[in-house]
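**Student:** What would the 3D arrangement of this be:
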Amino acid sequence: MTKYSNSLQASNLEVQESLESLGQRLRANRIVLGWTIKNTAARLLCSQNTYRAIEAGRPTASIGIIVNALWLFGQIDSLNTLAPVPMNIRGVKRVRNSNKNQGNNLIRESERDF
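**Tutor:** Okay, the predicted model is just below:
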């Protein structure tokens, strides 16, 4: 069974470029520290192929391993800049479904905007 899903194969070009850029930055951190791929993978408790996939920007890499790599390179604080909370979040009220509609969890056509 293939490891790739349809959603990974259909990745947006922007997404792919961002992953490749992240991989390049992680590679640069590794090189500055003088670590080999083998050393880095051992420190992250993953295989060398998995770490190579991260540096190559492949979308199959686990977010947990990527975050551990950021921590390993002293870059964990950079995660706080990802997906900032919108400034107007306080004005948004959470909508709750009534008990009558709990069985109807289908996606409506108006929600299919992708």
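**Student:** residues in contact with the longest helix seen in the chain?
**Tutor:** In the chain, with assignment by DSSP state H, the single longest helix is helix 13-33. For helix 13-33, contacts defined as CB atoms under 8 Å, 6 or more residues apart in numbering pick out 37, 40, 54-59, 66, 69-70, 73, 75. Any C-beta I mention is one placed from the backbone N, CA and C, and that applies to glycine too.
**Student:** Which pLDDT value does the model give residue 92?
**Tutor:** On the pLDDT scale, residue 92 is placed at 65.
**Student:** ok, now the one 3 residues further on?
**Tutor:** Residue 95 is assigned a predicted lDDT (pLDDT) of 67.
**Student:** now residue 101
**Tutor:** You'll see residue 101 listed with a pLDDT of 54.
**Student:** about what we covered before: immediately after the longest helix of the chain, which helix or strand?
**Tutor:** Sequence order places helix 37-44 as the next helix or strand after helix 13-33, per DSSP states H and E.
**Student:** Next SSE downstream of that following helix?
**Tutor:** helix 48-56.
**Student:** Show residues contacting whichever helix or strand comes after that next one.
**Tutor:** Downstream of helix 48-56, the first helix or strand assigned by DSSP H and E is helix 63-72. For helix 63-72, the external contacting residues (CB under 8 Å, 6+ apart) are 22, 26, 40, 43, 44, 46, 50, 51, 54, 76, 78, 79.
**Student:** Mind giving me the ChimeraX select for these, buried ones only?
**Tutor:** Burial among the contacts of helix 63-72 is assessed by 16 or more other CB atoms under 10 Å; the matching ChimeraX selection reads:
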select :22,26,40,44,46,50,51,54
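**Student:** got the CA coordinates for stretch 70-81 in PDB?
**Tutor:** Output of stretch 70-81 as PDB, limited to C-alpha atoms (Å, rounded to 0.1, in the frame of the first residue of the first chain):
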ATOM      1  CA  LEU A  70      13.000  22.700  15.400                       C
ATOM      2  CA  TRP A  71      13.500  22.000  19.100                       C
ATOM      3  CA  LEU A  72      16.800  20.200  18.500                       C
ATOM      4  CA  PHE A  73      18.100  23.200  16.500                       C
ATOM      5  CA  GLY A  74      16.900  25.700  19.100                       C
ATOM      6  CA  GLN A  75      14.200  27.000  16.800                       C
ATOM      7  CA  ILE A  76      11.100  25.900  18.700                       C
ATOM      8  CA  ASP A  77      10.100  29.500  19.500                       C
ATOM      9  CA  SER A  78       9.600  30.000  15.700                       C
ATOM     10  CA  LEU A  79       6.400  27.900  16.000                       C
ATOM     11  CA  ASN A  80       4.700  30.700  18.000                       C
ATOM     12  CA  THR A  81       4.700  32.800  14.800                       C
END
